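**Student:** Kindly generate the corresponding structure for this input.
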Amino acid sequence: MDIQPHDSFFKQIFSDPKRVKTLLDIFAKDVVKSIHSIIPVNTEKFSSKSQKFMLDLLFSCRVEDQGAYVRIVLEHKSYLG
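**Tutor:** Model prediction:
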């Protein structure tokens, strides 16, 4: 899997827990009130040919005193059209 520069840019920007909280404030306002302690989880994996690829963004957190995960999938276009 070939990682494009824009993919790395989005992953870098949205790996910051403060930005994730802002994103959730915008798109999941009712849910975000219950989420605490957002911590990024390393999702880097290696293929059988030792080529690095990255999965979606994953965060561990606390929701009403229970462990939980938030997974973020951002789809974006790298071209005009």
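**Student:** can you count the residues close to the residue lying closest to R19 once chain neighbours are set aside?
**Tutor:** For R19, the nearest residue in space outside its immediate sequence neighbours is I13; the separation is 6.3 Å by CB to CB, 6 or more residues apart in numbering. Where C-beta positions appear, they are placed from N, C-alpha and C, glycine not excepted. Neighbour count of I13, defined by other CB atoms under 10 Å: 12.
**Student:** distance of I13 from D65?
**Tutor:** Distance, I13 to D65, using CB to CB, to the nearest Å: 30 Å.
**Student:** What of L58?
**Tutor:** Counting by CB to CB, the gap from L58 to D65 is 20 Å.
**Student:** Looking at these two, which is more packed in?
**Tutor:** L58 (14 against 7).
**Student:** Just the pLDDT at the more buried one, thanks.
**Tutor:** The confidence metric pLDDT takes the value 87 at L58.
**Student:** what's the answer for D25, then?
**Tutor:** At D25, pLDDT is 90.
**Student:** ok, it touching V32?
**Tutor:** Yes - the pair D25 / V32 is scored as a contact, 5.4 Å apart, by CB atoms under 8 Å.
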